[in-house]
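Chemist: with the input below, show me the fold.
(one chain, ligands or ions: 1)
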Amino acid sequence: MPHGFSTVLVVNCGSSSIKYSMMAMDRGHLCASGLVEKIGENGSLLRHRADNAKGEPVESRREIKAGDHRAAFAHIAALLRNTGILADGAGPDAIGHRVVHGGEAFSAPVRIDPDVIAAIRTLSPLAPLHNPANLIGIEACLDAFPSASQVAVFDTAFHQTLPPHAYRYAVPNDWYERHGIRRYGFHGTSHRYVAERAAEYLGRSLQGLKMITLHLGNGASAAAIRHGRCIDTSMGFTPLEGLVMGTRSGDLDAAVPLYLETALGESADSLQAMLNREAGLKGLCGSNDLREVLGREQAGDEHARLALEIYCYRIRKYVGAYFAALGGLDALVFTAGVGENSPVVRSRICAGLEALGIAVDPEFNERSPEPVNEIGRRGQAVRVLAVRTNEELQIARETLSVLTS
Ligand code: AMP
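Modeler: So this is what the prediction gives:
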């Protein structure tokens, strides 16, 4: 490549796990990916997937000794070198890190240096489960791959264009000014990626479009995008707010946990954990996996039926609200596990939105998933698309754009 960055390692670090994707940017594709789990425990597990010489994906799985993230990266590097993906002794040219929270400090990806590391650390109280783990990954990579340039790509950055009337909550000013209580929004990398793919498919510039993107995976969020800038999003101060998710409640009267704290004597920590891990579809019907919920509904389970109704109704309300916020709509975009793969959920979400110019075509909606599927009824005012997201590729591209600009 003219700028000399042909291999980008994309890293998503959790407190005891590392997800990685190795991208060959000159060929524009993924050459390997994998996951290390149970770092710091006995018997860490490394799962790795790469294409063989015939271009068929081959998966391997083995126990490794990884007392910390640095040791885990050494195993990943050895594997990439042994399989010829990296040259002997070499590291990737660049590393792109998914960092969950960039607060108000970061509205774009940034090359990592000691000041950036300090700023991510300062933001840790806003994302105590994620930012510290992301930092461990950054520091371990600095050790394991000292010659690679590193970039942080923030989940919150795409939403930094929200206007104050969308990001402020109606709480005392002091809460915002002293404690940073505001809407930040998450899944930004995915919303940006699918918005750009949708605009490309439509043959229009993103600058000329009003779009709603629905990222419906285990976590779920909606974004309203006008002329390429995000103007509202459903996740808030944390990823708890907004749509019904696999295990998160989404929108909830703030008085509910306060009431339960007193009524049940539950601690704030335990309520927080329940709202994040035991609520949503799981809380309503016992499963957080949407395929399973659909199966239970088919088998006559009333809890599953109601859970799906609440799930789709919440999304439909957001579509209506964002239609109003945008002052019209050109495209509605579904993405992530549910959005890309579930015709039945997409059609239930769109049912009753004909007055807004939104309708799904039953035949197009059933087509097997492609990178972009147009599923809307032709002739309607709003184009409805299902777009396969690719956060890793977006992180790799943003990494390169920082390093080459
Ligand atoms: P993600 O977090 O993007 O991996 O999405 C995970 C969610 O997508 C889970 O709830 C899955 O049940 C759901 N999902 C994946 N494939 C399908 C499908 N074919 N139909 C319905 N839901 C699906």
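Chemist: contacts, neighbours, all on C-alpha from now
Modeler: Fine.
Chemist: before we move on, which element is the closest residue to Ser15 other than its chain neighbours in?
Modeler: Nearest residue to Ser15, sequence neighbours excluded (C-alpha to C-alpha, 6 or more residues apart in numbering): Ala133, at 4.6 Å. Ala133 belongs to helix 131-144 when assigned by DSSP states H and E.
Chemist: so what's the residue nearest to Ser15 up against?
Modeler: When contacts are counted by C-alpha atoms under 8 Å, 6 or more residues apart in numbering, Ala133 touches 13-15.
Chemist: how near is it to the ligand?
Modeler: 20 Å (C-alpha to the nearest ligand atom, to the nearest Å).
Chemist: where does that residue land on pLDDT?
Modeler: pLDDT, Ala133: 92.
Chemist: what lies in contact with the helix or strand hosting Leu260?
Modeler: Taking DSSP H and E as the criterion, the element that holds Leu260 is helix 255-264. Helix 255-264 is contacted by residues 266-268, 271 when judged by C-alpha under 8 Å, 6+ apart.
Chemist: so for that helix, mean pLDDT?
Modeler: 95.
Chemist: touching the helix or strand just after it from outside, list them.
Modeler: Downstream of helix 255-264, the next assigned helix or strand under DSSP H and E is helix 268-277. By C-alpha under 8 Å, 6+ apart, the residues outside helix 268-277 that reach it are 240, 247-249, 257, 261.
Chemist: report the next helix or strand after helix 268-277 in sequence order.
Modeler: helix 280-285.
Chemist: weed out the non-buried ones from the contacts of helix 255-264.
Modeler: With burial judged by 16 or more other C-alpha atoms under 10 Å, the buried subset of these is Leu271.
Chemist: bridging residues for the closest residue to the ligand within the stretch 1-150 of the chain?
Modeler: The stretch 1-150 of the chain approaches the ligand most closely through Lys19 (13.6 Å), counting by C-alpha to the nearest ligand atom. Lys19 has these beta-bridge partners by DSSP bridges: Asn12, Leu35.
Chemist: if I look at it, what pLDDT would I see?
Modeler: Looking at Lys19, its pLDDT stands at 96.
Chemist: and if you look at Ser234?
Modeler: pLDDT, Ser234: 98.
Chemist: from memory it sits against Ala224, does it?
Modeler: No: Ser234 lies out of contact with Ala224 (C-alpha atoms under 8 Å); the separation is 9.0 Å.
Chemist: show me which of those two is the more surrounded one.
Modeler: Ala224 (28 against 24; other C-alpha atoms under 10 Å).
Chemist: ok, for the residue most central in space within the chain, nearest residue in space, not its chain neighbours?
Modeler: Centroid-nearest residue in the chain, with C-alpha atoms, centre = their mean: His187, separated by 3.6 Å. Residue nearest to His187 in three dimensions, not counting chain neighbours: Asp155, with 5.4 Å by C-alpha to C-alpha, 6+ apart.
Chemist: what's the answer for Leu86, then?
Modeler: Nearest to Leu86 is Leu80, by C-alpha to C-alpha, 6+ apart, at 5.4 Å.
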